[in-house]
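1. could you work out the structure for the sequence below:
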Amino acid sequence: MIPLPSRRHFLLTGTALALGAALPAMASAKLPTLQVWKSPTCGCCKDWIAYLQKDGFSVQSFDEGNAAIRARLGMPTRYGSCHTARIGGYVVEGHVPAREIRRVLAEKPDAIGIAVPGMPVGSPGMDGPEYGGRRDPYDVVLVLRDGSSRVYASYR
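-> Modelled structure (predicted):
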């Protein structure tokens, strides 16, 4: 004869299921606010912000351009793109995927931040219908404190 589950078993299982369902929301709630500096008229910047918000990021946007803040935050111009962001002490330059932002926040490397130089088609925010499904390969680079970089992730 198979014993029936106890009331305690049901309570513990229900609690575990509720916590499991809440974990993704809790992880997103713990993310610091992402601050983004961009042009007020840049559509791909707006699309990147919307993509991150959909992924659970809280975003604060400044429509004053990004060249001055990029320099102030120490991100070398050669890694530049149309927007510059800051989160958790790191600079995020360009159309960086949410996965890599979460990764740098979790790994906490000794670096200025991460960047997707330029504006590669197919990267988040550069992937709308106006691009006809085109996806160019690109790298996310980890920008080290001496200004050098190494590939952090490749998207092909």
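
2. so where's this protein uncertain?
-> Residues of the chain meeting the criterion pLDDT under 70: 1-29.

3. do a quick rundown of the helices in it.
-> 7-29, 43-54, 67-72, 98-107 (DSSP state H).

4. by contact count, what packs against the second one?
-> This points to helix 43-54. strand 34-37, strand 59-62, helix 98-107 (3 or more CB pairs under 8 Å, 6 or more residues apart in numbering; DSSP states H and E). All C-beta atoms are positioned from the backbone trio N, CA, C, and that covers glycine.

5. only the buried residues of that helix, if you could.
-> The neighbour-count check on helix 43-54 (16 or more other CB atoms under 10 Å) flags Cys44, Cys45, Lys46, Asp47, Trp48, Ile49, Tyr51, Leu52 as buried.

6. verify the stated contact: the fourth one with Tyr131.
-> Okay, so that is Asp47. No - in this structure, Asp47 is not within contact of Tyr131 by CB atoms under 8 Å, at 10.7 Å.

7. how far away is Leu34 from Arg150?
-> Distance, Leu34 to Arg150, using CB to CB, to the nearest Å: 23 Å.
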